[in-house]
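Undergrad: Prediction below, plus the sequence it came from.
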Amino acid sequence: MEQITVRSRARVPAITCGSSATSSRLDRHLSVLGGPAVPQREAAEATLLMRELTRRDVAHERTSRVARVRKVSLFAPLRRLTRSLFGGH
């Protein structure tokens, strides 16, 4: 991508349109941006829905993290040292 120098910003990437899939995807994005503005209420509802769908279960994360920490053996370095000194038995 070429770079265009603008006074307000240091660098802005230039948009080059071709006949590829990237170009058509870019055209779709630009048409959405150029479309009518979404009412604030609908935008808020959509944001709430996305947050519900992408919400992480904090309790589950905590328990899995604790379980992972419990599985870590403090004797692992000692075992590795023993193996390297006395062979891999």
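TA: Thanks, I have it. Numbers count the residues shown, from 1 in each chain.
Undergrad: What mean pLDDT does whatever helix or strand D27 lives in get?
TA: Using DSSP states H and E, the element containing D27 is helix 21-34. For helix 21-34, mean pLDDT is 76.
Undergrad: Please apply the same query to stretch 44-54.
TA: 86.
Undergrad: Touching it from outside, list them.
TA: V38 (CB atoms under 8 Å, 6 or more residues apart in numbering). From N, CA and C alone the C-beta is placed, and that goes for glycine too.
Undergrad: Just the C-alphas of that stretch, formatted as PDB.
TA: The C-alpha trace of stretch 44-54 is given here as PDB (Å, rounded to 0.1, in the frame of the first residue of the first chain):
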ATOM      1  CA  ALA A  44     -27.400   1.000  21.600                       C
ATOM      2  CA  GLU A  45     -29.500  -2.200  21.200                       C
ATOM      3  CA  ALA A  46     -27.000  -3.600  18.800                       C
ATOM      4  CA  THR A  47     -24.100  -2.800  21.100                       C
ATOM      5  CA  LEU A  48     -25.900  -4.400  24.000                       C
ATOM      6  CA  LEU A  49     -26.600  -7.500  21.900                       C
ATOM      7  CA  MET A  50     -22.900  -7.800  20.800                       C
ATOM      8  CA  ARG A  51     -21.800  -7.400  24.400                       C
ATOM      9  CA  GLU A  52     -24.100 -10.200  25.500                       C
ATOM     10  CA  LEU A  53     -22.900 -12.500  22.700                       C
ATOM     11  CA  THR A  54     -19.300 -11.800  23.300                       C
END
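Undergrad: Flag every buried residue along that stretch.
TA: By neighbour count on 16 or more other CB atoms under 10 Å, the buried set for stretch 44-54 is empty.
Undergrad: Does P77 belong to a helix, a strand or coil?
TA: Counting by DSSP: H, G, I helix; E, B strand; the rest coil, the backbone at P77 sits in helix.
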